[in-house]
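Trainee: the sequence and its predicted three-dimensional model are supplied below.
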Amino acid sequence: MRNRSWWVAALLVAALVPGEARAQHHRGHEEPVDPAREEAQRHFEAGVALMNVENWEAAMLEFQRSLEIYPTRSALLNYGMCLKGLYRYVEAMHAFEQFQTQYRDVASRDELGLLDENMEQLRALLGELLIGVTPAGATVIVDDVEVGTAPLDEPVQVVSGRHTVVVRLDGYIEETRQTEVTAGDRVTVAFELAEIPHVGTLRVEANVADAEVWVDGALAGRVPYEASVAEGSHEVRVSAEGYVQQTQAVSLATGESRIVTVTLTEPSGTDPAWFWSMVGLTGAAGVATIALGTMVIIKDDEYRSTSYPGDALYDEGKNLQLATDVCLAVTIAAAVTAGVLGFTTNWGGDEESAPDEEGGGAEVGAMFGPTPDGLTLGVVGRF
């Protein structure tokens, strides 16, 4: 059998019942019978019987049901006693505090004596958690029981031992703390919640191993690439040597995970070097055509102004005219070819769209001038 004080307390509380029951019964002769009151009385009496044999769990349920149907101070006091018998000290203290608030002015001396004795015993077994949370509005949970919303008006009563405190607020990272409390102590637990970062998770995959991944114009890494990226729209570019780069627009929401799968393909069409070669050849041949044409005009004026021009002067002018025609034909042919290549060239990316500044592209130029045998015209190039 448990401690004798429990048994004495049970008998005392049970002894308090008849007076209230008789008062209710007496009033029953003066007014119609209330079915709810009768039902509550039935559960109350069952609870008293169970209390007398120390079946605290079953008795608690009976008193709880009686209070739900028709609340009385005897049922509430007995309910608190059962919770205490089940070692649910915090809940028992709450029941006694409720009794003290609602019935202290009408309770009997015996009831108040029993109430004060048990509350004093519980205070020696309980500690307090003073929980502070920034910002306000967070839900506070102690040992899986929601105790209120921060800021809490009063400390949270807990039994001696280890306790888990959880604080939750939409838009903030949930925090959990473990704390130990001994009887009679007040332990302060302070929380400062951090906002949930407005980021999502981006993963980039490609069919080419170690392809470069560029995010918003900056080199971010190589595939497979995964990182936290700020919410919003982003430009993702994947490139690899010998493949046509791919660019995609990706939009991420906070907490969202996106996988971008890119298939790189080998370039098709004409190498850009041929287009730029034809452009260079067109320019060089054009310059040569203008230069030769100017010389033809000069020689023609010289031939006409000479009283007795010789065959040598005539042949020189004829050769210049022929060279001019050849350069003009080359200019036209190169320009047409460049125009066609402009539509068939695979540009690939910006790095392939112009000659290399360090000499990696194509260069074409014209060469002409006098020689011992006459005039020489040529086109030189480097790739």
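Mentor: Good, I have the coordinates. What you are looking at is a predicted structure, and each value in this text was computed from that prediction instead of being measured.
Trainee: distance of the residue nearest to the spatial centre of the chain from Val244?
Mentor: The C-alpha lying nearest the average C-alpha coordinate of the chain belongs to Gly255 (Cα atoms, centre = their mean; 2.7 Å). Gly255 is 34 Å from Val244, where distance means Cβ to Cβ, to the nearest Å. For every residue, glycine as well, the C-beta is placed using N, CA and C.
Trainee: what do you get for Met119?
Mentor: Taking Cβ to Cβ, one finds Met119 at 81 Å from Val244.
Trainee: again, but for Asp153
Mentor: On the measure of Cβ to Cβ, Asp153 and Val244 end up 67 Å apart.
Trainee: compare these two (neighbour count), which wins?
Mentor: Set Asp153 next to Val244 and count neighbours by other Cβ atoms under 10 Å: Val244 wins out with 16 against 6.
Trainee: so Asp153, which of the three states?
Mentor: Three-state assignment for Asp153 (DSSP: H, G, I helix; E, B strand; the rest coil): coil.
Trainee: same check, this time on the one 5 residues further on
Mentor: Three states are possible here, and by three-state DSSP the one that applies to Val158 is strand.
Trainee: equivalent analysis for the one 5 residues further on, please.
Mentor: Here His163 is recorded as strand under three-state DSSP.
Trainee: check contacts around it.
Mentor: Contact analysis of His163 by Cβ atoms under 8 Å, 6 or more residues apart in numbering lists Leu129, Val142, Asp143, Gln178, Thr179, Glu180, Val181.
Trainee: ok, it to Ser268 distance?
Mentor: 69 Å.
Trainee: again with Asn55
Mentor: 87 Å.
Trainee: any chance you could map the helices in the stretch 1-150 of the chain?
Mentor: In the stretch 1-150 of the chain, the segments counted as helices under DSSP state H, counting those that start in this stretch are 4-15, 17-28, 35-52, 56-69, 73-85, 89-103, 109-123.
Trainee: the longest one packs against which elements?
Mentor: Right, helix 35-52. Contact analysis of helix 35-52 by 3 or more Cβ pairs under 8 Å, 6 or more residues apart in numbering; DSSP states H and E lists helix 4-15, helix 17-28, helix 56-69, helix 73-85 as its packing neighbours.
Trainee: quick check on Glu256: phi, psi?
Mentor: When read as degrees, to the nearest 10, the backbone of Glu256 gives phi -80, psi 150.
Trainee: go on, Leu202?
Mentor: Main-chain dihedrals, Leu202, degrees, to the nearest 10: phi -110, psi 130.
Trainee: do Ser257 as well
Mentor: Given degrees, to the nearest 10, the pair of backbone angles that Ser257 has is phi -120, psi 130.
Trainee: my guess is Arg203 meets Glu256, correct?
Mentor: No: look at Arg203 against Glu256 with Cβ atoms under 8 Å: they stay out of range, at 11.5 Å.
Trainee: element containing the residue lying closest to Ala220 once chain neighbours are set aside?
Mentor: Among residues not flanking Ala220 along the chain, Val213 sits closest, at 5.0 Å (Cβ to Cβ, 6 or more residues apart in numbering). Secondary structure from DSSP states H and E places Val213 in strand 212-215.
Trainee: partner strands of that strand and their direction?
Mentor: Here strand 212-215 is paired, per DSSP bridges, with strand 218-222 (antiparallel), strand 232-239 (antiparallel).
Trainee: helices along the stretch 201-350 of the chain, start to end?
Mentor: Using DSSP H, counting those that start in this stretch, helices in the stretch 201-350 of the chain cover 272-305, 311-344.
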